[in-house]
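**Q** Have a look at this prediction, sequence included:
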Amino acid sequence: MTKIISILGSTGSIGRQTLDVVRHLPVRVAALTAGTNVERMAEQVAEFRPRLVSMGTREAAEALRALLPEPAPQILWGEEGLLAAASLEEADTVLTAVVGMVGLKPTLAALALGKRIGLANKETMVCAGELVMETAKAHGAEIIPVDSEHSAIFQCLMGSRGRGEVKRIILTCSGGPFFGKPKAELEHVTRDDALRHPNWKMGEKITVDCATLMNKGLEVIEAMRLYELPPEQVDVVIHRQSIVHSLVEFVDGAVLAQLGVPDMRIPIQLALTYPDRTANPAPGLDLLNCPPLTFAAPDPEAFPCFAIARAVARQGGSACAVMNGANEVAVARFLRREIGFYDIPALVRRALDAVPFTAAPTLEEILEADRLARAAAEA
């Protein structure tokens, strides 16, 4: 069980909910990192008194320093600060809740020191999953997934004696705000439309990824890496109620599912307390009053990002980093209202066509593929 934690991305949705969980556990906060939300970070520092704090930019770090009374914690910024927080000696657990490829190097640094990773940064596994898993195995480090779907799979596999018993993993997907709409109706949807997720309160980037179903495509690749399964053994079903968080079908025909209310504090807490379970601030599931549970197949024509991700999952190699990098840029441009909804998959395809493919990339080649993909998507 976690005793001392570093939280990367503490002012975002997952970071704030992690701190809510920490309030109910005997866990000390050693380090906090954020982007540019100086005021919220100042509030968190006052409450949790970490030894080290890092902001995304020098300007944000200086603004935070001006807000904090003496004695202030050590204040860093940028990649150096993320790496310092992830490598802090006294922290036994690092929860990675930063968005995008920025989480890769800190995750590798923490794993190399044998720390437990509470993984809420799927891009790390998508772009460099094989390297991440190799590093974890080499240093005896644990990776406990925080995404609700992968936490569900993790829980369903607790009683499994080996991957040979698994027939397939079934990831559930809410379908986002546009479920059931044909492609013609989605041509002109707006930023605000895409940010109206029916069940979860999340950051803007992941909410748009849920609207395009890219998020589920990324999770397919993440599941392949985490559970060492080929793409043929990872399926997806639309489950609008977000009560069944994912399922595992075993070779004997048995299917195990993990159910719960759509509250991220449940998987976050398990990542901190595993292998133990303790009381959680999230509400329990009332089976007598929950809605009927329905399931449907995803529509790859209306949601081409999902089809692209499935194809990239089969291709593997540097294509995963290219797809992820291009998608990050495309979503950012969509949020700035520079491009339309279907321009997102178009820019991802452009990058996949433009960037050379490497079957077994090194870390440097992964970072270069990411750089080239972002340039192609910005063009």
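**A** Everything's here; your move.
**Q** Model confidence at the most far-flung residue of the chain relative to its centre, what's the number?
**A** In terms of distance from the mean C-alpha position of the chain, residue 70 ranks first, at 35.0 Å (CA atoms, centre = their mean). On pLDDT, residue 70 comes in at 90.
**Q** try the one 4 residues further on
**A** Reading off the per-residue confidence, residue 74 sits at a pLDDT of 97.
**Q** what sits opposite it in the beta ladder?
**A** Judged by DSSP bridges, the bridge partners of residue 74 are residue 52.
**Q** Next up, the contacts around it.
**A** Under the criterion of CB atoms under 8 Å, 6 or more residues apart in numbering, the contact partners of residue 74 comprise 51-53. All C-beta atoms are positioned from the backbone trio N, CA, C, and that covers glycine.
**Q** please redo it, this time with the cut-off set to 10 Å
**A** 31, 50-54, 81, 84-85, 88 (CB atoms under 10 Å, 6 or more residues apart in numbering).
**Q** pretty sure the residue farthest from the centre of the chain belongs to a helix, no?
**A** No - when the secondary structure is assigned by DSSP: H, G, I helix; E, B strand; the rest coil, residue 70 falls in coil instead of a helix.
**Q** Strand partners (parallel or antiparallel) of the helix or strand harbouring residue 5?
**A** When secondary structure is defined by DSSP states H and E, residue 5 falls within strand 4-8. Applying DSSP bridges to the sheet, strand 4-8 is found paired with strand 28-33 (parallel), strand 93-96 (parallel).
**Q** Can you mark which positions in the very next helix or strand once past that strand are buried?
**A** Using DSSP H and E, the helix or strand that follows strand 4-8 in sequence is helix 13-22. Residues of helix 13-22 classed as buried: 13-19, 21-22 (neighbour count, 16 or more other CB atoms under 10 Å).
**Q** Check stretch 2-13 too.
**A** Within stretch 2-13, the residues that qualify as buried by neighbour count (16+ other CB under 10 Å) are 2, 4-13.
**Q** Same check on stretch 33-45?
**A** Buried residues in stretch 33-45, counting neighbours by 16+ other CB under 10 Å, are found at 33-35, 37-38, 41-42, 44-45.
**Q** Between all of those residues, which two are separated the most?
**A** Largest separation among the buried residues of stretch 33-45 by CB to CB: 35 and 45, giving 15.2 Å.
**Q** ok, residue 253 to residue 168 distance?
**A** 12 Å (CB to CB, to the nearest Å).
**Q** one step back: so can I have CSV of the strands paired with strand 4-8 showing mean pLDDT and distance to residue 190?
**A** Formatted as CSV, these follow (pLDDT from 0 to 100; distance: least, CB to CB, whole Å):
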stretch, mean pLDDT, distance to residue 190
strand 28-33, 98, 32
strand 93-96, 98, 31
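**Q** what about the strand holding residue 5, distance to the chain center?
**A** 16 Å (CA atoms, centre = their mean, to the nearest Å).
**Q** Could I get the CA-only coordinates of that strand as CSV?
**A** The C-alpha trace of strand 4-8 is given here as CSV (Å, rounded to 0.1, in the frame of the first residue of the first chain):
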residue,chain,number,x,y,z
ILE,A,4,4.2,8.5,0.3
ILE,A,5,3.0,9.8,-3.1
SER,A,6,4.1,12.1,-5.9
ILE,A,7,1.2,13.3,-8.1
LEU,A,8,2.0,14.4,-11.6
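**Q** tilt between it and helix 13-22?
**A** Between the axis of strand 4-8 and that of helix 13-22 there is an angle of 160 degrees, by axes from the mean of the first three to the mean of the last three CA atoms, to 10 degrees.
**Q** quick one: terminal-to-terminal distance for stretch 295-308?
**A** With CA to CA, to the nearest Å applied, stretch 295-308 spans 22 Å between its terminal residues.
**Q** Tell me the buried residues in that stretch?
**A** Here stretch 295-308 shows 298-300, 302-308 as buried, counting by 16+ other CB under 10 Å.
**Q** returning to that earlier point: which of residue 253 and residue 168 has more residues huddled nearby?
**A** Each of residue 253 and residue 168 had its neighbours counted (other CB atoms under 10 Å), and the higher figure belongs to residue 168 (15 against 7).
**Q** Just say helix, strand or coil for that one.
**A** Here residue 168 is recorded as strand under three-state DSSP.
**Q** And for the one 3 residues further on?
**A** Classification of residue 171 by three-state DSSP places it in strand.
**Q** sorry, back to before: could you dump the strands paired with strand 4-8 into a markdown table with distance to residue 332 added?
**A** Compiled in a markdown table, those are given as follows (distance: least, CB to CB, whole Å):
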| stretch | distance to residue 332 |
| --- | --- |
| strand 28-33 | 20 |
| strand 93-96 | 20 |
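**Q** Verify the stated contact: residue 68 with residue 41.
**A** Yes - applying CB atoms under 10 Å, one finds residue 68 in contact with residue 41, separated by 9.1 Å.
**Q** so what's in contact with the two at the same time?
**A** Taking CB under 10 Å, 6+ apart as the contact criterion, the common neighbours of residue 68 and residue 41 are 53, 75.
**Q** Check residue 162 and give its pLDDT.
**A** Residue 162 is given a pLDDT of 86.
**Q** again, but for residue 266
**A** 97.
**Q** just the one 10 residues further on next, same as before
**A** With respect to pLDDT, residue 276 has a value of 96.
**Q** any idea which helix or strand carries it?
**A** Here residue 276 is covered by no helix or strand, with elements defined by DSSP H and E.
**Q** Now it, what are its backbone angles?
**A** Recorded main-chain torsions at residue 276 are phi -90, psi 160, according to degrees, to the nearest 10.
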